[in-house]
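Novice: below is the sequence, then the predicted model.
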Amino acid sequence: MIINSDLHVHSPYSMATSKNMLISTIAYQSKLKGLDLIGTGDAFHPEWLKIIESSTEPSKTGIYSVKESENGSKVQLLKTVDAPEIEAEKCKFILTAEIEDKNRVHQLIILPSIESAYEIREELPSKNINKEGRPRIDMDGAEIMDLVRDYNGLIGPSHAFTPWTSIYKEFDSIYNCYNDTPDFLELGLSADTNMADRIEELQDIPFLSNSDAHSPWPHRLGREFNEIEIKEMTFNAFKDAIKGKKVVGNYGFDPRLGKYHETGCVRCYQLFSIEEARKLKMRCPCGGLIKIGVKDRISDMAKWDEAHHPEFRPQYTHILPLAEIISIVYGKGITTVFVQKIWKGLVQEFGSEIAVLIHVPLEEISKTDSKLAEVIMAFRENTLKIQPGAGGNYGKIMLD
Ligand SMILES: [Zn+2]
Ligand SMILES: [Zn+2]
């Protein structure tokens, strides 16, 4: 079977994370989105682990579902808009965590069970592991990889090309970090397969596209996700699928919409060519720091000008959260009653947000909302005009 999964989210114990990020809410919202499997996030945080433990039950080995008693929690999108009524099995959970290593490189970890999270936790040297959802660990990438693999887990770099906390801000090769091949590489919001497949050393590594969501609402959860072909819903089958390169679809932002696509100033967001930026010694005339964009960082390391896709590499499809598309089309805020009502109507009618974005025939959407159908079509056909993001500022879609 093919499942939709988002393997990188954060709990309320990570900085700047919504207090609504609770297990039952995540499970419910993920289902509206159309996800089948979602990472718990922050699996080394003691309080969050307790919450995971008490609000889920093992479904199959290494996969967890929400306890019946937690279910009834009805979600209100806004004070005035109820969530859609959808009869569907709720999303399942797999244990995931992100940690910052001693080189300030973010590592994404996927674990076989709650027990293994407790055990690995005991072996992580960290001063802030009880405080931070994403702890800082005094180990390098290779040491963390060894530890995670001792417990049968999976590991790879998070948002691999971003300028602050990624593997490629620190190293020119993933092997300088791990001395070995990671199980996957997470592309991050500012890169896609066409960009990453210009780098020769990534030819044998599966790519993940995950949301890195800090709130449970469907315009964050699953804003990037993976289609994975899996034999059954167990951790071992999941691991086999990643190892066997059965990620069969990546979905996510057009990389130009990411916050660090182009090289730009973190204070005034002005864009610079990489030559210009280097001439200015990475300092903007406004006084702000210029951060090298993902596009230029990839070009630094690329062997080819065009992508060389290995045979197993799936298509990368550009999407944007439905509420964000509605918000752009009608010029109203994502969390307004106006936008949320349209969102609710579409999800109610077609079953999930992913169905609307990717699977439902456009004529069907057109019957409900022709203006919206046009923009969804532009996404599906990749014909959008975009003003690229830089310096920490998201890119923007330009409608005619
Ligand atoms: Zn991160
Ligand atoms: Zn500036």
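Specialist: Structure's in. What do you need? Ligands and ions are numbered 1, 2, ... in the order given.
Novice: can you tell me what sits against the helix or strand hosting W343?
Specialist: Assessed by DSSP states H and E, W343 sits inside helix 337-350. Residues from elsewhere that reach helix 337-350, judged by C-beta atoms under 8 Å, 6 or more residues apart in numbering: 32, 77-78, 80-86, 218, 322-323, 326-327, 330, 332-333, 353, 356, 360, 364-365, 368-369, 372. From N, CA and C alone the C-beta is placed, and that goes for glycine too.
Novice: find the least confident helix or strand in this protein, judged by mean pLDDT.
Specialist: Every helix and strand in the chain was compared by mean pLDDT, DSSP states H and E; the lowest is helix 68-71, with a mean of 67.
Novice: which stretches of this structure have low pLDDT?
Specialist: 15-21, 70-75, 88, 218 (pLDDT under 70).
Novice: what residues sit buried inside the helix holding W343?
Specialist: For helix 337-350, a neighbour-count test (16 or more other C-beta atoms under 10 Å) marks V339, Q340, I342, W343, K344, L346, V347, F350 as buried.
Novice: would you mind measuring from the second one to ligand 2?
Specialist: Which is Q340. 35 Å (C-beta to the ion, to the nearest Å).
Novice: who's in contact with the closest residue to ligand 1 within the stretch 151-300 of the chain?
Specialist: Scanning the stretch 151-300 of the chain for the residue nearest ligand 1 gives S158, at 4.3 Å (criterion: C-beta to the ion). By C-beta under 8 Å, 6+ apart, S158 lies in contact with H8, E98, H106, Q107, L108, T165, S166, E186, G188, D212.
Novice: the residue of the stretch 51-200 of the chain found nearest ligand 2 is in what secondary structure piece?
Specialist: Closest residue of the stretch 51-200 of the chain to ligand 2, C-beta to the ion: P163 (14.9 Å). P163 belongs to no helix or strand when assigned by DSSP H and E.
Novice: which positions in the stretch 101-250 of the chain make contact with ligand 1?
Specialist: For the stretch 101-250 of the chain, the residues in contact with ligand 1 (C-beta under 5 Å from the ion) are H106, S158.
Novice: the helix or strand following the least confident helix or strand of the chain: how far from the chain's middle?
Specialist: Remark: after helix 68-71, the chain's next helix or strand is strand 76-78, criterion DSSP H and E. In terms of C-alpha atoms, centre = their mean, to the nearest Å, the centre of strand 76-78 is set 23 Å apart from its chain centre.
Novice: ok, and what's touching whichever helix or strand comes after strand 76-78?
Specialist: Note on strand 76-78: by DSSP H and E, the next helix or strand toward the C-terminus is strand 81-82. Strand 81-82 is contacted by residues K74, Q76, V337, Q340, K341, K344 when judged by C-beta under 8 Å, 6+ apart.
Novice: may I have the strands that pair with strand 81-82, each with its orientation?
Specialist: strand 76-78 (antiparallel) (DSSP bridges).
Novice: buried residues, the strand it pairs with. List them.
Specialist: Buried-residue list, strand 76-78, by 16+ other C-beta under 10 Å: L77.
Novice: swap in stretch 304-324?
Specialist: A307, R313, P314, Y316, T317, H318, I319, L320, P321, L322, A323, E324.
Novice: residue contacts, the fifth one?
Specialist: Okay, so that is T317. So, once contact is read as C-beta under 8 Å, 6+ apart, T317 ends up touching G249, N250, Y251, G252, I358, R380.
Novice: show me which of those are buried.
Specialist: Using 16+ other C-beta under 10 Å, the buried ones in the contacts of T317 are G249, N250, Y251, G252, I358.
Novice: roughly how far does the last one sit from I325?
Specialist: This points to I358. 12 Å (C-beta to C-beta, to the nearest Å).
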